[in-house]
Every structure is written in C-alpha cells, then in structure tokens.
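S.K.: here's my sequence, what's the structure:
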Amino acid sequence: MGANGRKSIFITGAASGMGRETARLFAGKGWFVGGFDVNDAGLAALRDELGPDNCLVRRLDVTDREDYRLALEAFAQTTGGAMDILYNNAGIGRGGPFADQPFEDVLAVVNVNLVGVLIGIHTALPLLKATPGSMCFTTSSSSATFGMPGIAVYSATKHAVKGLSEALSVEFKAYGVKVADVLPGLIDTPILPPGAVENAPKEGPFRAIPPMEVAKVVWEAYHSDKLHWYVPPELIELDKAATLTPEAVRDQFAAGQTILKVDAADAG
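M.R.: You can find the predicted model right below:
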C-alpha cells in the first residue's frame, strides 16, 4: 500500500534494540516505517509485528553505497519521494585494548559507524531536501563525551558522528533540514556482553536504560530544535567536564573511577 500520505521514517539498525523500539513507537503514532538491517530474522519479525501495510523492511549493508542507493530508491517509491526522518542508527561495537585489536576490527567499526553514516546522509539528502520539516538524526554515544579506553575506535567514530551532526546542523539549515543526534549511555540491547546490565550501577549516568527511552528522544527531537540529546540526561555533565577539565577526566579514567566495564560498546 505504501505510505499513502503518512509521514515516514527510514531507520538503519532497525531489527533490534533502539532501532526496533523507534520503529514500534513511530508506527504506533501512525507513521510509515522503513526498517533496514543485516539481521533478516529480526526484520521479518518487525514486519510481522507492524504489519506489511505500515512498513517496508529490507536487508541493507550500510557500508555498501550501491546497496544503500537501492534501499533508498525502494523507500522513495513507497513514500512518493518523501522522507521525514533519516535515522542513522546502525552501529557495531568491538572492544578491547587498541594495541590488541585486529586491524580488521578497527576498519569494520569505522566503516559501519562512520562511513555508513556518511553514505546514508549523502545519499538520502535529496529526499530530505524534498520533504518540508525533515530531520537527519544519528546515534552517537556517551563515548563521544570523552574518548573511552577499551573502546577507543568506537569512541572515535562516535566523536566524529557528533562533530558531523554539529557541522551539518549549520549547513542543512539552507535546505530546511534539521539535524540532531543522541548520545546514549548503557542501553539494554543485545549488543552488550553477558552480565553487562546486571553489573551496571543501579543509579547514575551509566545505569542500564531501556531502548525505548532513546526511541522517545527521536520523537521529541523531531518536534524540537535541540541538537544533542543525552540518555540519560545526566550525561551532559560528563560532556561539560570533558570540555572544561579533560585532564581531570583522563586521570579519573586512568584510576578506574568512571570506566564503563564492558567488553563492547553500548548499542549507540
């Protein structure tokens, strides 16, 4: 049936976690959802849940520019060439000391978390420009507040995403396209290693947060002019501290006082 005039959102990493919860939230509010992922089983389950009249699901490797173009083409055919929100959510987390990481893992994280975002925004921009009030939204991370040991490359890609969002928020004003990002902390999703949620603090900025809280932020961001969204909100204090006193934050991490002790990054 297609979107039939409904607002539409294109979500990468939609088969699980924050992407899946965002798809559920927006579909519940009457939006047409494009769900894209490399997880075929998760996509099939999402289609069954939302109903084929309310979504388009398709396998997508965000690092493959031609595959991305074809996915956008299929989405545009169902929405009449409109895209109200591009949600760049797909990401992978491979942790461990940088010196011990296989360089193939380093490149994989960069390609999915940064290059995939660049491909998506660059390729989808014509659809965003053609849609009044559209938004380009991207998942950054709490690891973009200060470079976090144990997930150095992941953290670097999320710093890049945050900076990209800031720059494009200025550039895209000329097109009437809003830009924002979310910096999640520890989100309870399948990407986390076993025991991460159980061993997380029960309170504070690195407590475990349900992925629906991020989905709610995507909705709020669409109706706001705010640039950076922190989940939970207390993470903004770490961002401020990292900016004003980076040496103090560095020394705290070196002393093991604020390090998030998980093997992989959060889902954001």
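
S.K.: average pLDDT for stretch 155-165, rounded please.
M.R.: What stretch 155-165 shows for mean pLDDT is 98.

S.K.: show me what that stretch is in contact with.
M.R.: Identification of contacts with stretch 155-165 by CB atoms under 8 Å, 6 or more residues apart in numbering yields 88, 91, 109-110, 113-114, 117-118, 121, 138-141, 143-144, 147-148, 179-181, 183, 227-228, 265, 268. Every C-beta, even on glycine, is put in place using the N, C-alpha and C of the backbone.

S.K.: can we see that at 6 Å?
M.R.: Contact partners of stretch 155-165, identified using CB atoms under 6 Å, 6 or more residues apart in numbering, comprise 110, 113-114, 117, 138, 140-141, 143-144, 147-148, 179, 181.

S.K.: in helices, which of the residues you listed fall?
M.R.: The helices, defined by DSSP state H, take in 110, 117 from the contacts of stretch 155-165.

S.K.: ok, of the contacts of stretch 155-165, which one's closest to Lys7?
M.R.: The closest of the contacts of stretch 155-165 to Lys7 turns out to be Val179 (CB to CB; 17.8 Å).

S.K.: okay, now the unreliable bits of the stretch 51-200 of the chain?
M.R.: Along the stretch 51-200 of the chain, the parts satisfying pLDDT under 70 run over 190-194, 197.

S.K.: how about the helices of it, start to end?
M.R.: All helices of the stretch 51-200 of the chain, identified by DSSP state H, counting those that start in this stretch, fall at 65-79, 103-110, 116-129, 152-171.

S.K.: can I get those in a markdown table with distance to Val38?
M.R.: Output for these, formatted as a markdown table (distance: least, CB to CB, whole Å):
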| stretch | distance to Val38 |
| --- | --- |
| helix 65-79 | 10 |
| helix 103-110 | 12 |
| helix 116-129 | 11 |
| helix 152-171 | 18 |
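
S.K.: Leu46: which of the ones you listed is closest?
M.R.: Per CB to CB, nearest to Leu46 of those: helix 65-79, 14.8 Å.

S.K.: how far off helix 116-129 does the closest one point, in degrees?
M.R.: Counting by axes from the mean of the first three to the mean of the last three CA atoms, to 10 degrees, helix 65-79 lies at 30 degrees to helix 116-129.

S.K.: what helices or strands is helix 65-79 leaning on?
M.R.: helix 116-129 (3 or more CB pairs under 6 Å, 6 or more residues apart in numbering; DSSP states H and E).

S.K.: surely Phe32 meets Arg6?
M.R.: Yes - under the criterion of CB atoms under 6 Å, Phe32 makes contact with Arg6 at 4.5 Å.
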